[in-house]
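Novice: Need a 3D model of the sequence below.
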Amino acid sequence: MTTAGTRFSAITRTAAQTRVLDAALDLISEHGVSGTSLQMIADSMGVTKAAVYRQFKSKDDIVIALTEREFGRLEDALEAAEAEESAPRARELLLNQVIDEAIERRRHVATLQFDPVIIKFLASHQPFQAFIARLYAVLVGDAGREAKLTAAMLSGAIAVGVMHPLVADIDDDTLRRELLHYTRRLIDLPE
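Specialist: Numbers count the residues shown, from 1 in each chain. Next up, the predicted model:
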């Protein structure tokens, strides 16, 4: 778990923990958090359930570790955007990275954005809340009602835009270009 000031990407995992997380993410993407058991994770890895317990004490710990790992993929871009003096340039930098990560992780985006158990963790785990607040502060500005609605629409547009069945046959470069075109409009970035 993270403590104040700890970067998600600085959290080290053993090779065994990484294998558990990889297996869990694949299963959770297919069955959701509630539909995935520790036994299923163990079975997919070809190990015992006890072997999974040695790496993580509970499924909740696995979900938190998965979320930390995914947020860690955006930390450098967020920090670079926060250091940028031009707000439009900061939004551009971060938006590009968020879209790149979403496209690269197409298969997992819906789970990470919409699974009710993960949403509960995002809403209740302070390090996640702090990270999300920073992310959307760069992308949409203040925390007022309009900005929150814009942030929700932006998040949904990117998540659904990469995983919807209608875009399954669109290549990554075209999808990236089109998502950037439409999401720039949402956050008032020039073309």
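Novice: Report the rounded mean pLDDT for stretch 44-54.
Specialist: For stretch 44-54, mean pLDDT rounds to 96.
Novice: buried sites along it?
Specialist: Ser44, Met45, Val47, Val52 (16 or more other Cβ atoms under 10 Å). Where C-beta positions appear, they are placed from N, C-alpha and C, glycine not excepted.
Novice: Same check on stretch 88-95?
Specialist: Ala90, Arg91, Glu92, Leu93, Leu94, Leu95.
Novice: Also stretch 131-143?
Specialist: Buried residues in stretch 131-143 (16+ other Cβ under 10 Å): Phe131, Arg134, Leu135, Tyr136, Ala137, Val138, Leu139, Val140, Gly141.
Novice: any idea which helix or strand carries the fifth one?
Specialist: With elements delineated by DSSP states H and E, Ala137 resides in helix 126-140, which encompasses its position.
Novice: Can you name the residues in contact with the helix or strand of the chain with the lowest mean pLDDT?
Specialist: For the chain, counting by mean pLDDT, DSSP states H and E, helix 106-114 ranks last in confidence among helices and strands (a mean of 81). By Cβ atoms under 8 Å, 6 or more residues apart in numbering, the residues outside helix 106-114 that reach it are 25, 28-29, 32-33, 66-67, 70, 102, 105, 118, 155-156, 158-159, 162-163.
Novice: Stretch 81-101 too?
Specialist: By Cβ under 8 Å, 6+ apart, stretch 81-101 touches 73-74, 77-78, 80, 134-135, 138-139, 141, 158, 176, 179-180, 183-184, 187, 189-190.
Novice: Now list the buried members of those.
Specialist: 73-74, 77-78, 134-135, 138-139, 141, 158, 176, 179-180, 183-184, 187, 189.
Novice: Filter these down to just the ones in strands.
Specialist: Among the buried ones among the contacts of stretch 81-101, DSSP state E puts none in strands.
Novice: what sits against the residue nearest to Ser44 when sequence neighbours are not counted?
Specialist: In space, and not counting its chain neighbours, Ser44 is closest to Ala23: 4.8 Å by Cβ to Cβ, 6 or more residues apart in numbering. Residues in contact with Ala23 (Cβ under 8 Å, 6+ apart) are Ile41, Ser44, Met45.
Novice: Try it again at 10 Å.
Specialist: Neighbour list for Ala23: Thr36, Met40, Ile41, Ala42, Asp43, Ser44, Met45, Gly46, Val47, Val52, Ile62 [criterion: Cβ atoms under 10 Å, 6 or more residues apart in numbering].
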